[in-house]
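Colleague: only the shape, not the letters, is given here:
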């Protein structure tokens, strides 16, 4: 065998449709990785663990001269047990999970619409909250005595003395990167310069003559989205907001997958770190460009993120955050140079990281508290930041408690049959007619409500690709209000007599939300019994966490509920409460605040006092570890019902269906008796 | 007991089925009454256990797997089962009835998720197993100690984090080193797991949920005893 032919045997030709990307990969390469190598990003929430079932692909069979590929299903390793199991119970229909298959030969692969990773919608609009402008950096104009023979002081020493005399600044230091610019600036400005001073302690920048212009960047590194706000530090104005997907997603969708990646792969931590730093630099550059500025104009930065994002950014291996007791390497606020972590802003630009609270409660939560300030209010406020790990803050000026609750990724569309993240094509709003049980829904990227039969009148972009978190919450609540499911979350069997949309597969029901003609995939989009169960588990974890904090705080009721995070922006407060995601509260006191973490980062950028406040709060708030609480299981089980098995919701009077007591003491037997009683 | 039913007037097979229905409905007092009635009629504790309680929990398990029953109902059923078991347990020991088996279960070190594992423990108790629940954050030494102490036929391990699931492999390696592995059936479960992972770390089986855990436990125990091949 020649070297050439051996080479041919070890590599396989792959083409991916519809993108048309193609190339060679090593025989034995995992198909998900192969697609990535060829530049095709597939949906993957579990990071290749055959769990989320999102990376489905279709193997085309036959000889395709156009691609010079003879493709066959046998050119992949045989289906795994997990695939077979899924294929039997559900509708895999000859599709394969890319993460479960290894390449054995040439392949032409079709990536169905719903499996393609899409550009995310960024809901993180800058808020217009009022905030006192008192940044950590200030500009000071100063005139310096020119040097002369007989005065042996250095230029810096003379500048420092001038700053002490004119501005009252003592014990100043100067950043090493500013030193080389000092003499040219002094001479160019005829010994008049504008210096930028950080916290009255350190000179960061020396500009010739008189200068105005002080800019900073506030960044929220979310597990899914990174958002950066470029601010004018003198006016507080947001000059530009840029956001992009967190590039670490490709190494693992959820945080723990990334911790595993950092731990398992030799270069893992470095890749995760470099990916996010590169994104930060790109966002900074875009933001600066759209504001008509240069990167060098950015002189201060505040970054917030959850503990895993925080540690990875600092190059700290997050391995300890992967398991109990979830020890943080450092939880204090950090004052660094932006260059220390590889940010290419002004060479001497400062970087402030807000403090962390606990292994699962990070600087992002601190920023939310800075934005909402429950610690300065009399009323009891509940802040819920919904994500894979929901963070819960409860309290007022007497005491604030914080916890994280493991809701899992169901609210982000994972483990839901037709779930997906919020992206164009995702169903985000649902209404169900209580009589006909027909749905109306809204799809991201299209403004009109869509109804059955609209297939010929809507554009292709309005065709639904799946259901995102807010959509799944609404559809379940609407099904409950329409009597299609009961408060236990079970499909009511008689509902199938009311509409053909409810049908049974074996003994479990499902609801057809989108007919084939309105679906981007050409197949109906359904809500199954197990989808409802997944959401019940997730919402119960959140509610139980909230109840534990309420019990600790000794309150029966909250005065205000704030839904934070991008997801919170889309949730209908009414539906969230009917589902039992949040406790009872006057509906007009439930509000969505959008990206409160980003707001908090911005406020800490604009007001240095808030940085001190955050440091104080981080020590003051009490962290509760919910899984260690004895009553967690009891609260969790009680919260599985819609809205709850024992808590009352006076604010929903007239909205919730009357509690149906048709069981007369005995519960309804879901399973028919196998014997007749005489 | 339901007011409209007088169990003393019922045929024994009917009462056995009634136990199953009452378990399904989570009616502990009714289950206890039926168990006592059957014992009074001279049924062996083992027959009451297997034909009444275990058969009833089988139905609960199937409906839980299918999503028809959910966690609260299953917990109620398990509680009713436990109430019946409390009467039978001392009698079973006295009569030297065959043991269904013992299981040691815990959430592995680094992981503090409790609920899913507890559900498995309860369903296993429901299936007649004697379950030793070691709780959360359990290290290999604690598992080994419990195995020496309780001599289980099954070890169950749970992990809900991708970062903690590799520890299951550590425990299994320790079992191998100590020559305990072949004496045990090792079942693993938790959201981020799958069959491939279970195979990779050398577990006997991955269990997707509590109902599957019970099914697999029964089957593997039967195979181990030579009752099934």
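Modeller: On my side now, so go ahead. Computed from a predicted structure; not experimentally measured. Residues are numbered from 1 along each chain as shown, chains lettered A, B, ... in the order given.
Colleague: what residues go with each domain of chain A?
Modeller: A:8-115, A:137-208, A:366-407+A:536-648, A:410-529 (automatic domain parsing).
Colleague: show me what contacts the residue in chain B that chain A sits nearest to?
Modeller: Residue of chain B nearest chain A, by C-beta to the nearest C-beta: residue B:110 (2.4 Å). To be clear about C-beta, it is placed using only N, CA and C from the backbone, and glycine gets the same treatment. Shown in contact with residue B:110 (C-beta atoms under 8 Å, 6 or more residues apart in numbering or on different chains): A:322, A:323, A:324, B:137, B:161, B:163, B:164, B:167.
Colleague: which element is the nearest residue to the fifth one once chain neighbours are set aside on?
Modeller: The shortest distance from residue B:161 to any residue that is not its chain neighbour, by C-beta to C-beta, 6 or more residues apart in numbering or on different chains, is 4.9 Å, and that residue is residue A:256. Remark: residue A:256 resides in helix A:255-264, with elements defined by DSSP states H and E.
Colleague: helices or strands up against that helix?
Modeller: In terms of contacts (3 or more C-beta pairs under 8 Å, 6 or more residues apart in numbering or on different chains; DSSP states H and E), helix A:255-264 is packed against helix A:268-290, helix A:307-313.
Colleague: list the buried ones in the helix or strand just after the first one?
Modeller: I take that to be helix A:268-290. Counting by DSSP H and E, the next helix or strand C-terminal to helix A:268-290 is strand A:298-305. By neighbour count, with 16 or more other C-beta atoms under 10 Å in any protein chain shown as the criterion, the buried positions of strand A:298-305 are A:298, A:299, A:300, A:301, A:302, A:303, A:304, A:305.
Colleague: closest to residue A:550 out of the residues you listed?
Modeller: Taking C-beta to C-beta as the measure, residue A:550 lies nearest residue A:304 of the buried residues of strand A:298-305, at 26.4 Å.
Colleague: in the stretch 51-200 of chain A, which residue sits nearest chain B?
Modeller: Using C-beta to the nearest C-beta, the closest approach of the stretch 51-200 of chain A to chain B is made by residue A:81 at 4.3 Å.
Colleague: what about residue A:561, how many residues close to it?
Modeller: The number of residues packed near residue A:561 is 25, by other C-beta atoms under 10 Å in any protein chain shown.
Colleague: residue A:523 too?
Modeller: Using other C-beta under 10 Å, residue A:523 has 15 other residues around it.
Colleague: okay, the residue nearest to it when sequence neighbours are not counted: pLDDT?
Modeller: Spatial nearest neighbour of residue A:523, excluding adjacent residues (C-beta to C-beta, 6+ apart): residue A:516 at 5.9 Å. We note a pLDDT of 94 for residue A:516 in this prediction.
Colleague: quick one: residues contacting residue A:516.
Modeller: So residue A:516 contacts A:522, A:523, A:524 (C-beta under 8 Å, 6+ apart).
Colleague: which ones are touching the residue positioned nearest the centre of chain B?
Modeller: Nearest to the geometric centre of chain B sits residue B:124, at 0.5 Å (C-alpha atoms, centre = their mean). Applying C-beta under 8 Å, 6+ apart to residue B:124 gives the contacts B:103, B:105, B:131, B:154, B:156, B:210, B:213, B:214, B:217.
Colleague: residue A:156 too?
Modeller: Residues near residue A:156 by C-beta under 8 Å, 6+ apart: A:174, A:179, A:182.
Colleague: tell me which helix or strand it sits in.
Modeller: With DSSP H and E as the test, residue A:156 turns up in helix A:155-167.
Colleague: mean confidence for that helix?
Modeller: 93.
Colleague: how about that helix, which residues are buried there?
Modeller: Buried positions in helix A:155-167, judged by neighbour count with 16+ other C-beta under 10 Å: A:155, A:156, A:158, A:159, A:160, A:162, A:163, A:167.
Colleague: how about stretch A:234-251?
Modeller: Going by neighbour count (16+ other C-beta under 10 Å), the buried part of stretch A:234-251 is A:236, A:238-251.
Colleague: which other helices and strands does the lengthiest helix in chain B contact?
Modeller: When chain B is parsed with DSSP state H, its longest helix is helix B:71-95. Applying 3+ C-beta pairs under 8 Å, 6+ apart, we find helix B:71-95 packed against helix A:632-638, helix B:12-24, helix B:28-40, helix B:45-47, helix B:55-65, helix B:115-126.
Colleague: quick one, which of the ones you listed is nearest to residue A:455?
Modeller: Closest among the helices and strands packed on helix B:71-95, once you apply C-beta to C-beta, is helix B:55-65, at 36.6 Å.
Colleague: okay, and which of the buried residues of stretch A:234-251 map to helices?
Modeller: Using DSSP H, no member of the buried residues of stretch A:234-251 falls in helices.
Colleague: residue nearest the centroid of chain A?
Modeller: Nearest residue to the geometric centre of chain A (C-alpha atoms, centre = their mean): residue A:224, 4.0 Å.
Colleague: follow-up on the earlier one: distance to residue B:197 added to the domains of chain A, as a markdown table?
Modeller: Output for the domains of chain A, formatted as a markdown table (distance: least, C-beta to C-beta, whole Å):
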| stretch | distance to residue B:197 |
| --- | --- |
| domain A:8-115 | 8 |
| domain A:137-208 | 49 |
| domain A:366-407+A:536-648 | 20 |
| domain A:410-529 | 17 |
